[in-house]
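Engineer: Model the structure of this input:
(one chain, ligands or ions: 2)
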Amino acid sequence: MKIRAYAVKQPGARLEPTIIERADSLSPFEVDVKVEYCGICHSDVHLIDNDWGISQYPLVPGHEIIGIVQRLGEQATHLKIGQRVGIGWQSNSCFHCEWCASGWENLCPHEEATCVGRPGGFAEHCIVDSRFAFPVPDGIPPEQAAPLLCAGITVFSPLVEWRMTAANRVGVIGIGGLGHLALQFARAMGCEVTAFSHSPEKETEALQMGAHQFVCLQDDEYEKKYRRSLDFLISTVYRPLDWKRFLQMLRPRGTLCFVGAPGETFNFSPAHLLEGHKVICASTIGGRRRIQQMLQFARLHQIQAKVELVPLSRINQAIDVVRQGAARYRMVLKMVF
Ligand code: NAP
Ligand code: ZN
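Structural biologist: Numbers count the residues shown, from 1 in each chain. Ligands and ions are numbered 1, 2, ... in the order given. Okay, the predicted model is just below:
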């Protein structure tokens with residue numbers, strides 16, 4: 001079969017229309033999804049630019065995919081033709097290892113990414129293992145569901161794993177695609193929520209999205225005011241910041257969790273952790289069980305991704321906006337070829 005798609009041919013290049021050739025037949029667990037919407041995650045830009053050294057060209061990015069099931073392999077019996085599903089960063093795992101067996105498929109040594117070494121969601125169709133295609137609950141508009149599949153699960157999972165509740169104070173650093181959903185999830189979990197941003201003009205929206213406080217990182221006084229005030233800080237930024245200042249804002253036994261990946265080495269001493277038994281950790285996406293739970297939570301608590309819909313004719317302009325860190329808050333492609 002021939003699939004229309006958008007691909008980059010070399011690092012940092014523009015996306016160009018292309019045709020992907022693929023066998024007509026599906027393997028037993030595969031699903032063929034006709035893509036309706038695909039979010040543009042900052043990870044797509046990292047892949048286009050080969051920031052992580054894992055990109056394979058030609059590269060068809062896209063891993064916040066919403067679409068309709070068109071065809072099913074003979075063993076993909078849990079989905080139905082015509083059903084709306086979402087596909088995120090991960091498209092396969094071994095299903096047998098200790099990590100898969102305990103709901104941590106995202107840690108499987110054989111995990112496969114949706115748009116690394118295979119065509120992702122900037123395409124007419126996406127074909128993946130059906131066990132990584134998740135039914136979208138009724139009540140979530142499809143274009144708003146798209147960002148949940150990567151940005152949503154990436155911030156929901158650590159908040160759940162570190163057991164954030166109404167007794168906890170959560171800070172979110174960087175209010176972009178991931179950050180604006182983190183504010184909403186943490187608020188819906190009952191936490192006291194503080195937004196940390198370089199962009200003072202985001203204050204009103206951050207407060208509307210669930211923050212109790214908004215801290216502008218250009219204001220030098222914030223560190224004194226918020227010293228020892230937070231239990232959990234989740235960082236979504238991809239540039240180095242003065243992490244020592246953020247550690248000082250943690251309460252004893254507080255945790256600084258990285259979901260964004262600034263490519264830098266840390267420059268602080270263990271002494272910054274000793275005082276107050278502080279913890280630094282990281283988290284990537286989430287397992288299948290957690291994704292299903294996140295989608296139900298988003299429906300129940302009306303988590304609303306703030307989406308700017310983009311026609312395919314503006315795909316390269318949209319990538320540039322995301323590359324500049326200027327999306328408000330998630331650009332989502334409407335996949336009409
Ligand atoms: P995004 O929408 O572009 O948002 C990033 C935010 O970072 C911006 O909104 C901005 O927030 C802040 N920012 C921009 N430029 C900055 C600069 N020069 N210095 C400091 N902060 C800056 O990106 P995203 O899609 O949320 O992704 C964020 C990061 O998470 C990316 O590195 C992505 O690869 C990573 N990610 C990780 C996972 C995972 O599994 N761990 C999953 C998805 C994405 P303010 O204006 O509020 O400061
Ligand atoms: Zn992503």
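Engineer: Strands of the stretch 201-337 of the chain, start to end?
Structural biologist: Ranges of strands in the stretch 201-337 of the chain, per DSSP state E, counting those that start in this stretch, are 213-216, 230-235, 250-258, 279-282, 307-311, 330-334.
Engineer: Mean neighbour count and distance to ligand 2 for those strands - can I get that in CSV?
Structural biologist: Quick note: C-beta positions are derived from backbone N, CA and C, even for glycine. Formatted as CSV, the strands of the stretch 201-337 of the chain follow (neighbours: other CB atoms under 10 Å; distance: least, CB to the ion, whole Å):
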stretch, mean neighbour count, distance to ligand 2
strand 213-216, 18, 25
strand 230-235, 24, 15
strand 250-258, 18, 15
strand 279-282, 14, 15
strand 307-311, 15, 15
strand 330-334, 24, 10
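Engineer: quick one: residue 198 and residue 214 touch, right?
Structural biologist: No: applying CB atoms under 8 Å as the test, residue 198 and residue 214 come out as separate, 11.8 Å apart.
Engineer: so how far is ligand 1 from residue 118?
Structural biologist: 18 Å (CB to the nearest ligand atom, to the nearest Å).
Engineer: quick one: contacts for that residue?
Structural biologist: 91, 112 (CB atoms under 8 Å, 6 or more residues apart in numbering).
Engineer: same deal with residue 27?
Structural biologist: Going by CB under 8 Å, 6+ apart, residue 27 touches residue 73.
Engineer: mind checking the SS state of it?
Structural biologist: Secondary structure, DSSP: H, G, I helix; E, B strand; the rest coil: residue 27 is coil.
Engineer: same check, this time on the one 5 residues further on
Structural biologist: Taken by three-state DSSP, the conformation at residue 32 corresponds to strand.
Engineer: Tell me the pLDDT of the closest residue to it other than its chain neighbours.
Structural biologist: Once flanking residues are discounted, residue 32 sits nearest to residue 71: 4.1 Å by CB to CB, 6 or more residues apart in numbering. pLDDT, residue 71: 98.
Engineer: So residue 71 is in contact with residue 33, correct?
Structural biologist: No: assessed by CB under 8 Å, residue 71 is found out of contact with residue 33, at 9.1 Å.
Engineer: Are there residues contacting both of the two? Which ones?
Structural biologist: Common neighbours of residue 71 and residue 33 (CB under 8 Å, 6+ apart) do not exist.
Engineer: who has more neighbours, these two?
Structural biologist: Neighbour count, other CB atoms under 10 Å: between residue 71 and residue 33, residue 33 has more, with 27 against 17.
Engineer: mind listing what the more buried one touches?
Structural biologist: 65, 67, 68, 69, 70, 85, 87, 125, 126, 127, 128, 133.
Engineer: where's the residue in the stretch 201-337 of the chain that ligand 2 sits nearest to relative to residue 165, distance?
Structural biologist: Per CB to the ion, residue 285 is where the stretch 201-337 of the chain lies closest to ligand 2, at 7.8 Å. Remark: distance between residue 285 and residue 165 (CB to CB, to the nearest Å) = 22 Å.
Engineer: Can I take it that residue 193 is in a strand?
Structural biologist: Yes: counting by three-state DSSP, residue 193 is located in a strand.
Engineer: On the strand side of things, show who it bridges to.
Structural biologist: residue 170 (DSSP bridges).
Engineer: re earlier: what about burial for the contacts of residue 33, which qualify?
Structural biologist: Among the contacts of residue 33, the ones that count as buried by 16 or more other CB atoms under 10 Å are 65, 67, 69, 85, 87, 125, 126, 127, 128, 133.
Engineer: how about low-confidence regions in the stretch 151-300 of the chain?
Structural biologist: Counting by pLDDT under 70, the stretch 151-300 of the chain contains no low-confidence segment.
Engineer: Can you name the residues of it that neighbour ligand 1?
Structural biologist: Counting by CB under 6 Å from any ligand atom, the positions of the stretch 151-300 of the chain adjacent to ligand 1 are 151, 154, 174-178, 197-199, 202, 236-239, 259-261, 284-285.
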